[in-house]
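Engineer: Okay, sequence plus prediction incoming.
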Amino acid sequence: MPTPDPRRLANQIALVTGASSGIGVAVAVALAAHGASVVVNYGHDEEGAKATVATIEAAGGTALAIKADVSKEDEVQAMFKQTIERFGTVHIVVANAGLQVDAKFVDMTLAQWQKVIDVNLTGQFLCLREGAREFIRRGEQPEISRATGKLICMSSVHEVIPWAGHVNYAASKGGIMQLMKSTAQELAPHKIRVNSIAPGAIATPINLSARDTPEEEKALLTLIPYNRVGDPADIGNLAAWLASDEADYITGQTIFMDGGMTLYPGFADNG
């Protein structure tokens, strides 16, 4: 990925959901480093969101924290309204907010299923829809960006890798794949680009339980041919590039950033 260039996303407004921790923080910070003003969305962690804003501002960037539950239509619409009132429009939406509520399939409750689907899939639908509505309302701004708008979904390797014990999460990510592709197909004539980033194992709080001892991390690395756990900044840098004009001809694609996790490492020794 290119080094941060404050001209790459200059004069653009970005909204990043779930930007109070983990990958969301890295994406927000990277977009700001490349020149965007960033809306830092959070659901519950106000202190985390404030810390993200402070990091961006300390580096000379502009950021605003807005609380909204992305699974609630009225809250998502209010967040976009506040964003547009403050910045005039939005050019980049990164639908990153997500969670896990794990259980064995036969023990999974409807509430556990619904909570993950509501946030991970419905939340992305709502944010992409409101972003697209604003892009179309505003129209093209070729002096700012070749695309009318950029929508980036945060997916996972589990949009293609089944994951026993995490059926709700894997189903939500598989749904994101078709949400992104179908949306990209429909919005391309408006010069709106829609893509997904699919991280593998990234060092964030959501997967800490899988790597909190040396033995667990060693076991995790057997699934990663590149032999390292990813850093949130890896994802942030990719998001900044994908939102830039350098990636203008890319739409409807999932970019896997996983150190080779989707390469079926179990078959490296002939299976």
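Structural biologist: Perfect, I can see it now.
Engineer: residues in contact with the lengthiest helix in the chain?
Structural biologist: Longest helix in the chain by number of residues (criterion: DSSP state H): helix 167-187. Taking contacts as C-beta atoms under 8 Å, 6 or more residues apart in numbering, the residues outside helix 167-187 that touch it are 98, 100-102, 105, 108, 112-113, 115-117, 120-121, 124-125, 128, 132, 151, 153-156, 158-163, 193-196, 198, 251-252, 254. Heads up, the C-betas are built off the backbone N, CA and C, glycines and all.
Engineer: again, only this time at 7 Å
Structural biologist: Outside helix 167-187, the residues within contact range by C-beta atoms under 7 Å, 6 or more residues apart in numbering are 100-101, 105, 108, 112-113, 116-117, 120-121, 124-125, 128, 132, 153, 155-156, 158-159, 162-163, 194-196, 251-252, 254.
Engineer: May I see the buried residues of it?
Structural biologist: Of the residues in helix 167-187, those buried under the neighbour-count criterion (16 or more other C-beta atoms under 10 Å) are 167-177, 179-181, 183-184, 187.
Engineer: that older thread, which ones among the contacts of helix 167-187 are found in helices?
Structural biologist: Filtering the contacts of helix 167-187 for helices - DSSP H - leaves 112-113, 116, 124-125, 128, 132.
Engineer: Helix or strand: which one has Phe135?
Structural biologist: For Phe135, the host element (DSSP states H and E) is helix 123-138.
Engineer: actually Thr89, sorry about that
Structural biologist: Thr89 belongs to no helix or strand when assigned by DSSP H and E.
Engineer: so what pLDDT did it get?
Structural biologist: Among the per-residue scores, Thr89 shows a pLDDT of 98.
Engineer: can you check Gln185 too?
Structural biologist: Gln185 is assigned 98 on the pLDDT scale.
Engineer: What separation is there between it and Glu140?
Structural biologist: The gap separating Gln185 from Glu140 is 19 Å, by C-beta to C-beta, to the nearest Å.
Engineer: which SS state does Gly259 fall under?
Structural biologist: Counting by DSSP: H, G, I helix; E, B strand; the rest coil, the backbone at Gly259 sits in coil.
Engineer: Endpoint to endpoint, stretch 250-270 covers what distance?
Structural biologist: For stretch 250-270, the first-to-last residue distance is 34 Å (C-alpha to C-alpha, to the nearest Å).
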